[in-house]
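Q: structure here, sequence nowhere to be found:
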Ligand SMILES: NC(=O)c1ccc[n+]([C@@H]2O[C@H](COP(=O)([O-])OP(=O)(O)OC[C@H]3O[C@@H](n4cnc5c(N)ncnc54)[C@H](O)[C@@H]3O)[C@@H](O)[C@H]2O)c1
């Protein structure tokens, strides 16, 4: 059992969450708000994102969340998202880089299309690399903080039919493992959560043979609470970095 070395105080903490309009991102945002943090959500799903923050604000009865249209593949959008956190709530302490996409088929025999083939890497991998770079600059202004990136069980092992997704999520794990030195440089910790299949809209987009494979394994699906607990653990446990 992991023992959290110090109580993490969420009061006056501000979290930036990408891909937070729905599902995993939204549930983590909700958990952080319940613990007392403020949240800024960036996503390309504007209607759902706006609805999500309105839901949070009306439940708590004060302004605890804002939404901004953000495409994580664009530095400009990411910079505006983090700036919104600074302008609205005074800065950034927690970053959850969670936006991600998949495909409903394997691309191996698809037409040789630069834009199409680079799309998953751009969102799942470059979105996290760019997000980390922008995040570190803002966390540094608060004297440090914590980043959690969403990889996947398919960032640690690989199944057939999802080769491009496997590659994009393995790259995230490589990126995260590269930062053993980060806490000593700028007091920022960075870790990845690697969930197995979680019952969300996302899972429905996976290639059908892959979905059948996951359904045949009896530990599936992983429930949302397990993923939330893992993210919270990675935020709170000060001994964890590059995990
Ligand atoms: N559901 C699963 O089984 C599972 C398992 C392992 C990892 N994951 C990862 O968890 C994360 C969240 O997935 P989810 O299950 O909540 O699915 P989801 O599709 O509901 O969430 C992904 C979010 O990312 C957003 N997004 C996509 N492209 C974007 C872009 N360019 N810029 C900003 N936002 C963008 C989507 O609009 C969506 O809100 C993803 O990174 C996914 O790869 C999911």
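A: Happy to help now that I have it. The shown structure was predicted, so the numbers you read here are calculated from the model rather than taken from an experiment.
Q: state the distance from the residue nearest to the spatial centre of the chain to the ligand.
A: For the chain, the residue nearest the mean C-alpha position is residue 98 (1.8 Å; C-alpha atoms, centre = their mean). From residue 98 over to the ligand the distance is 5 Å, taken as C-beta to the nearest ligand atom, to the nearest Å. Bear in mind the C-beta positions are built from the backbone N, C-alpha and C, glycine included.
Q: show me what contacts that residue?
A: Contacts for residue 98 were tallied using C-beta atoms under 8 Å, 6 or more residues apart in numbering; they are 17-20, 24-25, 28, 148-150.
Q: for the closest residue to the ligand within the chain, which non-adjacent residue is closest in space?
A: Of all residues in the chain, residue 100 sits closest to the ligand, at 2.1 Å by C-beta to the nearest ligand atom. Leaving aside its sequence neighbours, residue 100 sits nearest to residue 124 (C-beta to C-beta, 6 or more residues apart in numbering; 4.9 Å).
Q: that neighbour - how many residues pack around it?
A: Neighbours of residue 124 under the rule other C-beta atoms under 10 Å: 27.
Q: start the count at 30, not 1, going forward
A: Yep, numbering from 30; the last one is residue 153 now.
Q: roughly how far does it sit from residue 83?
A: For residue 153, the distance to residue 83 equals 28 Å [C-beta to C-beta, to the nearest Å].
Q: okay, the closest residue in space to residue 108 that isn't next to it in sequence: pLDDT?
A: Once flanking residues are discounted, residue 108 sits nearest to residue 163: 5.8 Å by C-beta to C-beta, 6+ apart. Model confidence at residue 163, expressed as pLDDT, equals 98.
Q: for the one 4 residues further on, same thing?
A: According to the model's per-residue confidence, residue 167 sits at a pLDDT of 98.
Q: isn't it up against residue 113?
A: No: using C-beta atoms under 8 Å, residue 167 is not in contact with residue 113; the gap is 10.9 Å.
Q: need the next SSE after the least confident helix or strand in the chain by mean pLDDT, C-terminal direction.
A: Least confident helix or strand of the chain, by mean pLDDT, DSSP states H and E, is helix 237-244 with a mean of 68. Where DSSP states H and E defines the elements, the next helix or strand beyond helix 237-244 is helix 253-265.
Q: how distant is that next one from the center of its chain?
A: With C-alpha atoms, centre = their mean, to the nearest Å as the basis, helix 253-265 stands 11 Å off its chain's centre.
Q: how about stretch 43-62?
A: 8 Å.
Q: pull up the distance across it, start to finish.
A: End-to-end distance for stretch 43-62, by C-alpha to C-alpha, to the nearest Å: 9 Å.
Q: again with stretch 205-215
A: Stretch 205-215 has an end-to-end distance of 15 Å (C-alpha to C-alpha).
Q: who in this protein is up against the ligand?
A: 47-48, 50-54, 72-74, 99-102, 127-130, 152, 179, 181, 224, 226-227, 229-232 (C-beta under 6 Å from any ligand atom).
Q: restricted to helices, list these.
A: Under the assignment DSSP state H, these contribute 52-54, 230-232 to helices.
Q: one step back: and the pLDDT for the residue of the chain closest to the ligand?
A: 98.
Q: touching, it and residue 155? I think so.
A: No: Residue 129 is beyond contact range of residue 155, at 11.7 Å (criterion: C-beta under 8 Å).
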